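Chemist: Kindly generate the corresponding structure for this input.
(chains A and B)
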Amino acid sequence: MKLHEYQAKRVFADAGIPTPASALASSVDEVVDAAEEIGYPVAVKAQVHVGGRGKAGGIKLADDREEAEQAAEDILGMDLKGYTVEEVLVEEAVNFKNELYVGVTMDRGEGEPVAMVSTKGGVNIEEVAEEDPDAIAREHVDPAFGMHGYQARKVVYDAGVPREVASDVASVLSTLFQLWDDRDASDIEVNPLMITEDDEVVAADAVMNIDDDALFRQPDLAEMEDETYEDDLERKAGEYGFDYVRLSGNTGIIGNGAGLVMTTLDLVDYYGGSPANFLDIGGGAKADRVANALDMVFSDENVDAVVFNIFGGITRGDEVAKGINSALEQFDEIPKRVVVRLAGTNAEEGREILNDELVTVEETLEDAVQRAVEYAEVEA
Amino acid sequence: MSILVDEDTRVVVQGITGGEGKFHTQQMMEYGTNVVAGAVPGKGGQEVEGVPVYDTVEQAAREEDADASVVFVPPAFAADAVFEALDAPLDLVVAITEGIPTQDMAKVNKRLSEVDTRLLGPNCPGIITPGESKLGILPGNIFESGNVGLVSRSGTLTYQVVDNLTSRGIGQTTAIGIGGDPIIGTDFIDALELFEADEDTEAVVMCGEIGGEDEEDAAQFIAENMDTPVAGFIAGRTAPPGKRMGHAGAIVSGSGTGTAESKIDALNDAGVPVGDTPNEVADHIEDFL
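Modeler: All right, here's what the predicted structure looks like:
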């Protein structure tokens, strides 16, 4: 789960990290009022879960009231990579002489958190990592001990941070690590951490992503969740509790288990079709989940045919078959052709139960995918 | 022969009194697994499926001479359950639980480097030595005893590939699900090393997926250390970057690491043929035997 910049900044500020004066606004009037209060120049920044907001026109500077009004009109309501901007952060524009990167993330290869500092702040750190990996100083942290004071200093000095601010930057890093640890963050970063003419450090941007699997023990952060879905189908999937990713093809896919569903997508592509989605209904696959899954793919206007692939371990083929029948019997006319492949536990019983007036039954994964791709082509 | 588990493995089920724990204890026992105890705090003295339940893993291990456990404990308490099994100590811990906070697993991972216990998972279907023992939730009936080892990050994809093998009469020594989380105990290299050392394993199937760099590391290991032939499969060729494909670990990063292409290339460079379909993996294995 991602926090918005303004939410992360509140968390950072509460923990003692210096942040610029700012206010959240959702109307032009509110933006102007906030700007007058803070004093010019101000930055008006879109609060949406999209990377590269600046380049996309989601951040504007304003030197006076008129420009603040203009920035608010431009940004509020704009479409930023598929998301509508409903709120902006109005923030004191900080004069700076240097921009740093400071962050903590999980190094999954090592199974340990890694603290990172770079003097090449202000740009996408993944690009820096790609082009100039030596420009980022790294320090792995023992997850049981936490970060020692010397480790924060070490990574700051290794990065070549100017001496005048080294101790303040180390302090910001220590605080970030503490937050990362206490709040179950997956990534936490300040980019840029600005160094002002007076050698003060200020967090000009803030990223804090929380491990979804740990939200149960971070109730206050969970409450901040602002699920902005790219489209209604992803919203629906959230409500149904499915792992769902929408793609742009026309063969709808339903299956059980992440690896097998990914494989089904890959096979659709391999046999010349184009996958419309990833949808994992998970284990068990009770009748209502089967019905909801069909509703999901039928609701996708791009979908021309559907492949339903279940390999039963715990999931029983006869139960899935009954679920498919009862879901499809609700329709006077079935919206898209459905190819079903059942394997594993009680698959044979399942195949006998399936009503072949409603669905096409195939025995192997390869046959089922090819048949669905064929149907999708005819309908397209 | 087999790796890690056989008919002599004595198993404690952690969380045996819960719905999942109870159901799979029954399934495991039906398959022939030697389930000797359950461990659930506060439930000591009860019985499930005729198996005695203890309050702690240490008691269960001591009283029933257990050497392995299967963890069916909810995510909030699962890391604690694993630590308990590590301290008992047991030789093997299989964590089925999905959704354990990553930071909990980082701490478990650290502890693993200090003890001799092996962890499988979490978020995995478990391990099976066909005809002898299964620890986990794999459907026993699709497996057959034989000479092919199998290691996979995904449950149902494992079943698919096993089905492709078994239907041609190719059986398995042991099949291992290592789990779909970003931080796991036993990884590909650990499993491959065990299969390489196992006399009866004549070929190995390795099923990977997008995310992380474990498959690339495994490819290098195979090139440098293995004589046993390996065939591979990688799921997620069509996965868009930045989207989590079901498994917490199955994500191509925004900067483009963890792609299927990179993994397939690495495996091919190591001399490992990678099937375009699960059935093609079985073709490769058939060629090896």
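Chemist: Show me how the record splits the chain into domains.
Modeler: Using chain A. Here the domain parsing of chain A from automatic domain parsing is A:19-92, A:98-223, A:232-379.
Chemist: let's do chain B instead
Modeler: In terms of domains, chain B is parsed into B:10-120, B:139-288 (source: automatic domain parsing).
Chemist: So for the last one, mean pLDDT?
Modeler: The predicted model assigns domain B:139-288 a mean pLDDT of 94.
Chemist: just to revisit the earlier point, would you list the domains of chain B in a markdown table and tack on mean neighbour count and distance to chain A?
Modeler: Every residue, glycine included, has its C-beta placed from N, CA and C. What follows is the domains of chain B, written out as a markdown table (neighbours: other C-beta atoms under 10 Å in any protein chain shown; distance: least, C-beta to the nearest C-beta, whole Å):
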| stretch | mean neighbour count | distance to chain A |
| --- | --- | --- |
| domain B:10-120 | 21 | 4 |
| domain B:139-288 | 22 | 2 |
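Chemist: how about those, which one is nearest A:D132?
Modeler: Evaluated with C-beta to C-beta, the domains of chain B place domain B:139-288 nearest to A:D132, the distance being 13.4 Å.
Chemist: Against B:E63, how distant is the residue of chain B most remote from its centre?
Modeler: Largest separation from the mean C-alpha position in chain B: B:G45, at 30.5 Å (C-alpha atoms, centre = their mean). Distance from B:G45 to B:E63, counting by C-beta to C-beta, to the nearest Å: 12 Å.
Chemist: where do the helices sit along the stretch 101-250 of chain A?
Modeler: A:125-131, A:149-159, A:163-182, A:219-223, A:232-240 (DSSP state H, counting those that start in this stretch).
Chemist: and the angle from the longest one to helix A:149-159?
Modeler: Put simply, helix A:163-182 runs at 130 degrees to helix A:149-159, going by axes from the mean of the first three to the mean of the last three C-alpha atoms, to 10 degrees.
Chemist: Residue numbers of the stretch 101-250 of chain A in contact with chain B?
Modeler: Residues of the stretch 101-250 of chain A lying close to chain B (C-beta under 8 Å from any C-beta of the partner chain) are A:106, A:108-109, A:111-113, A:126-127, A:129-130, A:142-144, A:181, A:184, A:186, A:211-214, A:216-217, A:243, A:245, A:247.
Chemist: now, of the domains of chain A, which is deepest in the fold?
Modeler: Highest mean neighbour count among the domains of chain A (mean count of other C-beta atoms under 10 Å in any protein chain shown): domain A:232-379, with a mean of 21.
Chemist: What average pLDDT does it get?
Modeler: The average pLDDT for domain A:232-379 rounds to 92.
Chemist: How far does that domain sit from its chain's centre?
Modeler: 25 Å (C-alpha atoms, centre = their mean, to the nearest Å).
Chemist: Report how far apart the opening and closing residues of it are.
Modeler: 24 Å (C-alpha to C-alpha, to the nearest Å).
Chemist: circling back: out of the helices of the stretch 101-250 of chain A, which gets the lowest mean score?
Modeler: Note on these: lowest mean pLDDT is at helix A:125-131, with a mean of 82.
Chemist: Where does the prediction get shaky in the stretch 1-150 of chain B?
Modeler: Applying pLDDT under 70 to the stretch 1-150 of chain B flags the ranges B:1.
Chemist: So which residues of the stretch 101-250 of chain B form helices?
Modeler: B:102-112, B:155-166, B:188-197, B:214-225.
Chemist: now for the second one, which elements pack on it?
Modeler: In this case it means helix B:155-166. helix A:258-270, strand A:305-312, strand A:337-344, strand B:145-152, strand B:172-177, strand B:203-209, strand B:230-235, helix B:278-288 (3 or more C-beta pairs under 8 Å, 6 or more residues apart in numbering or on different chains; DSSP states H and E).
Chemist: could I get those as CSV with distance to B:V161?
Modeler: Output for the helices and strands packed on helix B:155-166, formatted as CSV (distance: least, C-beta to C-beta, whole Å):
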stretch, distance to B:V161
helix A:258-270, 9
strand A:305-312, 10
strand A:337-344, 12
strand B:145-152, 7
strand B:172-177, 9
strand B:203-209, 6
strand B:230-235, 7
helix B:278-288, 5
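Chemist: Can you name the residue of the stretch 251-380 of chain A nearest chain B?
Modeler: In the stretch 251-380 of chain A, the residue that lies nearest chain B is A:G259 (2.3 Å; C-beta to the nearest C-beta).
Chemist: contacting residues for residue 136?
Modeler: All of this is about chain A. A:Y101, A:M116, A:V117, A:S118, A:K120, A:I125, A:V128, A:A129, A:A159 (C-beta atoms under 8 Å, 6 or more residues apart in numbering or on different chains).
Chemist: try again with chain B
Modeler: Counting by C-beta under 8 Å, 6+ apart, B:G136 has contacts B:H24, B:M28, B:V70, B:V94, B:I96, B:C124, B:P125, B:G126, B:I127, B:I128, B:G177.
Chemist: The first one and B:V71 touch, don't they?
Modeler: No. The pair formed by B:H24 and B:V71 falls short of the contact definition of C-beta atoms under 8 Å, at 11.1 Å.
Chemist: which residues are in contact with both of the two?
Modeler: B:I96.
Chemist: circling back to that earlier point, nearest to B:V272, out of the helices and strands packed on helix B:155-166?
Modeler: If you check each of these against B:V272 by C-beta to C-beta, strand B:230-235 wins as the nearest, at 4.9 Å.
Chemist: same for the closest one, what does it pack against?
Modeler: With contacts taken as 3+ C-beta pairs under 8 Å, 6+ apart, strand B:230-235 sits against helix A:258-270, helix B:155-166, strand B:203-209, helix B:214-225, helix B:260-269, helix B:278-288.
Chemist: Tell me what angle it forms with strand B:145-152.
Modeler: 40 degrees.
Chemist: The residue farthest from the centre of chain B: what's it in contact with?
Modeler: Contact analysis of B:G45 by C-beta under 8 Å, 6+ apart lists B:V53.
Chemist: With A:R53 instead?
Modeler: By C-beta under 8 Å, 6+ apart, the residues touching A:R53 are A:K45, A:A46, A:I59, A:L80.
Chemist: now, which of those lie within strands?
Modeler: If you go by DSSP state E, the contacts of A:R53 have A:K45, A:A46, A:I59, A:L80 in strands.
Chemist: The last one is in contact with A:G58, isn't it?
Modeler: Yes. With contact taken as C-beta under 8 Å, A:L80 and A:G58 are classed as touching, separated by 5.0 Å.
Chemist: Just put the contacts of B:G136 in TSV and tack on distance to B:L267.
Modeler: Listed next are the contacts of B:G136 as TSV, based on distance: C-beta to C-beta, whole Å:
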residue	distance to B:L267
B:H24	33
B:M28	33
B:V70	31
B:V94	26
B:I96	28
B:C124	21
B:P125	22
B:G126	25
B:I127	23
B:I128	24
B:G177	19
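Chemist: These in strands, which ones?
Modeler: B:V70, B:V94, B:G126, B:I127, B:I128, B:G177.
Chemist: Quick check: closest non-adjacent residue to the fourth one.
Modeler: Spatial nearest neighbour of B:I127, chain neighbours left out: B:I176 (4.9 Å); criterion: C-beta to C-beta, 6 or more residues apart in numbering or on different chains.
Chemist: What's opposite the one you found in the beta bridge?
Modeler: Beta-bridge pairing of B:I176 under DSSP bridges involves B:I127, B:V151.
Chemist: residues touching it, list them.
Modeler: With C-beta under 8 Å, 6+ apart, B:I176 has these contacts: B:I3, B:L4, B:L120, B:I127, B:G149, B:L150, B:V151, B:S152, B:T186, B:A191.
Chemist: Many thanks, we can stop here.
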